[in-house]
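Student: Next one to model:
(chains A and B)
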Amino acid sequence: MENNAVKMEGIVKRFPGVLANDHVDFEVRTGEVHALLGENGAGKTTLMSILAGIYRADAGNIYINNRRVHIKSPRDAIKEGVGMIHQNFLLINSHSVAENITLGYDRPRFLLKRKKLEQEIQEIGQKFGLEVDPQAKIWQLSVGEQQRVEILKMLYRGAKILILDEPTAVLTPQEVQELFSTLRRMAQAGHAVVFISHKLEEVMRISDRITVLRKGRKVATLATRDTNPGELARLMVGREVFFDIKKSPPKPGEEVLAIRDLHALSDKGLPALKGVSLSVYSGEILGIAGVAGNGQKELAEVISGLRPAKGGKVLICGKDLTSVSPRRVIEEKVAYIPEDRKGVGTVGNLSVLDNLILKDYRRAPFSSGTFLNLRYIRDHASSLVEKFQIITPTLETSAKLLSGGNLQRLILAREISCSPKLMIAVHPTRGLDVSATESVHRMLLEQRENGAAILLISEDLDELTAISDRLAVIYEGEIMGIVEPKEVTLEEIGLMMAGKKRKMLESSEVTS
Amino acid sequence: MSLVLEKRESSSPLVNFLVPVLSVLFALLLGALIIYLSGFDPGVAYMEMLSGAFGSGYAISETIVKAIPLMLCALGVGLAFKTVLWNIGAEGQLYMGAWAAGWVALSFPQGQSWWLIPLMMIAGFLAGALWGLVPGILKASLNVNEIITSLLLNYVAILWVDYFVYGPWKDPKGYGFPFTPFFGEGAWLPTFFGTRVHLGIVFALFAAIIIYFLLKSTRLGYEIRVIGENPRAAKYAGMNIFRNIIIVFIISGGLAGLAGMAEVSGVIHRLQHAISPGYGYTAIIIAWLSRLNPITTVLVAILFGGLLVGGFSVRSIGLSESLVYVIQGIILFLLLAGDILTRYRLSWRGRS
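Tutor: Model (predicted):
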């Protein structure tokens, strides 16, 4: 209470259909680096955007230096000494560093005293290890240097409380090291630093205390020295009670999917997969566990043809399908349930009917040559709606009007209707309620019974251990180990998710 | 209390209908204000326009003559918009179509053969398609902004036609005016019932029906709808986006080219400077106003044809016909501004 730079109390923020922050309490002390940890969508950025004046909370109070404040805009926030550095930089490429730093700031009022400004920038830079040439144009700078400009911008405006939203996502390891020493220096100079991240190793390295959010709620605040990555991983992914899943013993058949030494880049052009090798056999579910952003998305996209491989091979039923078109992969009867149901898996403005034929429209009997066979399509769609219990007023209803669970059933209906040989399911139950989750699990298990090979990517450890036959743990684009869920503890999986290789676990008792 | 925009979770059909209708009504109201400020009676002016456009059989036939190129261009533009390709180049595509058709006609000045008009149609369509292909290929392969390329190519096409009508193809007996000799009568589209309404109306109606069925019941149309609404889902479904962009630009440009062919072959009967009073641009407004529905496009094009013809008749009371373009501009402006209401709703928000 004494030295709280920031105290947020009972913060609630709703977006249409989502409760992003559910009565969150959060405190940051002066002179500390405080990590805000949680999965994608846990509400970290929302909470900090409220502090930085970008969103307004629906309920809750904010105190800065023990004084209640009302932050209505980023301008109010900076007046209170709160500055946020976003994931995407807000810089003007053709302007100089100094010009960017002074842009939008009402000091100097009229005349740019360039020399003085540049000198001030250099002084702040030296103090915190943020050296960058004030006259350089932004386009000449590396990503790491651009980030320094963003930090300088906030410091120049007198920010005492700095929020960095996943600042290491775009940095090289050396730049991360430099950033961390800057954060330390700022904390020592009496600033409060909030570090948003979902990377356990970095959080352990840089922070003094850690607050974990999960599904919009605060789970815990811990001192970094009293915790370990395994515990953090468990707090992040949480535990949910699953009903007993009836599962027959696995009877794996032939190898359907074979991945050999696969390499791929992320959207930002950084290595996301670094030599992944896996096999998935007919009649089994291989789970992929890992904290988000460790290459899961890229893995699914490379297999389905949406992202080119940089090296290695993807074989499906013995055929080399490395970096072929998505259409080619679909023709091999590969079903793909994408992570983003609304953005990728369906077309919101088109009807349920149109969405049900997204993968099948080009083959007989759905179409013949140029024309769609509308009568067949309608019969097919209504039988899928009935069989998969998709609740929709009519077949013409726009897909965007369906609830999350119904939308997922629609996608599953479509993907299963081609009787897939391989099924890739990415976070298939995220955001679904218990009954919808159960029906998704049941459908996946049915496909397994029918002899499909299933690659299940999920962040939910309980889901993975409940329905996978084998479990591979991915960390920074590498497979840490492949285990049978029954034979390992959650603790061990947690450690692998935090980057400990299976072999290392076996050879010694490791705690961090 | 403050007025804020809230995102709609789904668009309301009522608002989707009201926005275009109210846009037109408000534009006419603002037009009335302008007429009043220029010292005329808005009521008289609008009555004059209405009777000039729809008041007699002759008026209606002239309205349809103007509506033909508008329909063809707007159908093409609308198909591109449906794919979220902003083809602003219908004007240039029309000129190129007219030029190519003119080239064929002038090459066979005596031609009475049955194949002359089909050949002109093919030439007109291909030339417009080619003009659409340039922005199409640049967009599909290099992601060059098609708004800029298609717009700027309009000027190239207009000047291209000007070069020929001021230069090599100028009518030697034309007293130096910028036009070619008349085409041989074999290159004239037949007209109906003694009016100037020509066979182009059949092309336009046919095109509307084809596009309607294309979108509704063909694989290509399905792909166009998916790509336009959600390109990421299209990629996920294995659709070839490059190929679709190219095809859409070919059809879109080709229809505008056909409009140019119909205009020179059916109405003007020769090439000249300023073939089109901006049909290609008006088509953008028509496509948008008809919510990209091909059948509605036909009806809206007739309204706009009427607006053009009515604009000529207000000259009789001393008003400038450019009033029509002012009203058109206001309609588009209001329509685009009103579109925000289909995606957001206005609501009052108190202090939290």
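Student: roughly how far apart are residue A:351 and residue A:82?
Tutor: Residue A:351 sits 46 Å away from residue A:82, going by C-beta to C-beta, to the nearest Å. Heads up, the C-betas are built off the backbone N, CA and C, glycines and all.
Student: For those two, indicate the residue with more neighbours.
Tutor: residue A:82 (27 against 17; other C-beta atoms under 10 Å in any protein chain shown).
Student: Just give the closest residue to that one, not the sequence neighbours.
Tutor: Once flanking residues are discounted, residue A:82 sits nearest to residue A:161: 4.7 Å by C-beta to C-beta, 6 or more residues apart in numbering or on different chains.
Student: Show residues contacting stretch B:241-251.
Tutor: B:76, B:79-80, B:83, B:85, B:87, B:129, B:132-133, B:135-137, B:139-141, B:220, B:223-224, B:227, B:231, B:234-235 (C-beta atoms under 8 Å, 6 or more residues apart in numbering or on different chains).
Student: at 7 Å what do you get?
Tutor: With C-beta atoms under 7 Å, 6 or more residues apart in numbering or on different chains as the test, stretch B:241-251 has contacts from B:76, B:79-80, B:83, B:85, B:87, B:129, B:132-133, B:135-137, B:139-140, B:220, B:223-224, B:227, B:231, B:234-235.
Student: Off-centre distance for that stretch?
Tutor: Relative to the centre of its chain, stretch B:241-251 is centred 19 Å away, using C-alpha atoms, centre = their mean, to the nearest Å.
Student: Give me the buried stretch members for it, please.
Tutor: For stretch B:241-251, a neighbour-count test (16 or more other C-beta atoms under 10 Å in any protein chain shown) marks B:244, B:245, B:246, B:247, B:248, B:249, B:250, B:251 as buried.
Student: Repeat that for stretch B:79-91.
Tutor: Here stretch B:79-91 shows B:79, B:80, B:81, B:82, B:83, B:85, B:86, B:87, B:88, B:89, B:90, B:91 as buried, counting by 16+ other C-beta under 10 Å.
Student: can you tell me the distance between the two ends of that stretch?
Tutor: Taking C-alpha to C-alpha, to the nearest Å, stretch B:79-91 runs 16 Å from one end to the other.
Student: burial of residue A:276, as a residue count?
Tutor: Residue A:276 has 23 neighbouring residues, counting by other C-beta under 10 Å.
Student: what sits against it?
Tutor: Neighbours of residue A:276 in contact, by C-beta under 7 Å, 6+ apart: A:259, A:262, A:299, A:477, A:478, A:479.
Student: Need the nearest residue in space to residue 32, chain neighbours excluded.
Tutor: All of this refers to chain A. Closest to residue A:32 by C-beta to C-beta, 6+ apart is residue A:208, at 4.2 Å.
Student: oops, chain B please
Tutor: Counting by C-beta to C-beta, 6+ apart, residue B:32 lies nearest to residue B:42, which is 3.6 Å off, once chain neighbours are set aside.
Student: For that neighbour, report the pLDDT, please.
Tutor: What the model reports for residue B:42 is a pLDDT of 89.
Student: Can you get me a residue count around it?
Tutor: Residue B:42: 17 surrounding residues under other C-beta under 10 Å.
Student: Quick one: residues contacting whichever residue of the stretch 151-300 of chain A sits closest to chain B.
Tutor: Among the residues of the stretch 151-300 of chain A, residue A:300 lies closest to chain B, at 11.0 Å counting by C-beta to the nearest C-beta. Taking C-beta under 7 Å, 6+ apart as the contact definition, residue A:300 lies against A:424, A:426, A:457.
Student: Could you tell me whether it really is in a helix?
Tutor: Yes. Counting by DSSP: H, G, I helix; E, B strand; the rest coil, residue A:300 is found in a helix.
Student: and it, what pLDDT?
Tutor: 95.
Student: Which secondary structure element is home to the residue lying closest to residue A:90 once chain neighbours are set aside?
Tutor: Using C-beta to C-beta, 6+ apart and skipping residues adjacent in sequence, the residue nearest residue A:90 is residue A:150, 7.4 Å away. Assessed by DSSP states H and E, residue A:150 sits inside helix A:143-156.
Student: So for that helix, mean pLDDT?
Tutor: The pLDDT scores in helix A:143-156 average 90.
Student: for that helix, the distance to its chain's centre please.
Tutor: With C-alpha atoms, centre = their mean, you get 24 Å for helix A:143-156.
Student: Same check on stretch A:336-353?
Tutor: Distance, centroid of stretch A:336-353 to centroid of chain: 19 Å (C-alpha atoms, centre = their mean).
Student: And stretch B:15-26, by the same measure?
Tutor: Counting by C-alpha atoms, centre = their mean, stretch B:15-26 comes out at 20 Å from the chain centroid.
Student: Spit out the contact partners of residue B:286.
Tutor: Residue B:286 neighbours (C-beta under 7 Å, 6+ apart): B:70, B:74, B:297, B:300, B:301, B:304.
Student: Run a quick neighbour tally on residue A:340.
Tutor: Count around residue A:340 with other C-beta under 10 Å applied: 15.
Student: quick one: terminal-to-terminal distance for stretch B:283-295?
Tutor: Start-to-end, stretch B:283-295 (C-alpha to C-alpha) is 14 Å.
Student: Make sure the residue nearest to residue A:82 is actually in contact with residue A:186.
Tutor: No. Under the criterion of C-beta atoms under 7 Å, residue A:161 is not in contact with residue A:186, lying 10.3 Å apart.
Student: just to revisit the earlier point, please tell me how far the residue nearest to residue A:82 sits from residue A:57.
Tutor: Taking C-beta to C-beta, one finds residue A:161 at 17 Å from residue A:57.
Student: surely residue A:362 meets residue B:219?
Tutor: Yes. Using C-beta under 7 Å, residue A:362 is in contact with residue B:219, at 6.0 Å.
Student: Just give the closest residue to the closest residue to chain B within the stretch 201-350 of chain A, not the sequence neighbours.
Tutor: Relative to chain B, the nearest point of the stretch 201-350 of chain A is residue A:327 (3.1 Å; C-beta to the nearest C-beta). Excluding the flanking residues, the one nearest residue A:327 by C-beta to C-beta, 6+ apart is residue B:238, at 3.1 Å.
Student: Same question for residue B:189.
Tutor: Residue B:189 sits nearest to residue B:266 (C-beta to C-beta, 6+ apart), 3.8 Å away.
Student: Quick one: residues in contact with the helix or strand that contains residue A:415.
Tutor: Secondary structure assignment for residue A:415, by DSSP H and E: helix A:404-416. Under the contact criterion C-beta under 7 Å, 6+ apart, helix A:404-416 has outside partners A:335-337, A:341, A:345-346, A:352, A:355-356, A:358-359, A:384, A:388-392, A:399, A:402, A:423, A:428, A:431-433, A:436, A:439-440, A:443, A:447.
Student: contact partners of whichever helix or strand the residue of the stretch 201-350 of chain A closest to chain B is part of?
Tutor: Using DSSP H and E, residue A:327 falls within helix A:326-331. The contact list for helix A:326-331 (C-beta under 7 Å, 6+ apart) reads A:304, A:305, A:306, A:321, A:359, B:235, B:236, B:238.
Student: Give the next helix or strand downstream of it.
Tutor: strand A:334-337.
Student: Now do that next one, average pLDDT.
Tutor: On average, strand A:334-337 scores 95.
Student: Now do the next helix-or-strand element following it: which elements does it pack against?
Tutor: Downstream of strand A:334-337, the next assigned helix or strand under DSSP H and E is helix A:352-356. Applying 3 or more C-beta pairs under 7 Å, 6 or more residues apart in numbering or on different chains; DSSP states H and E, we find helix A:352-356 packed against helix A:374-387, helix A:404-416.
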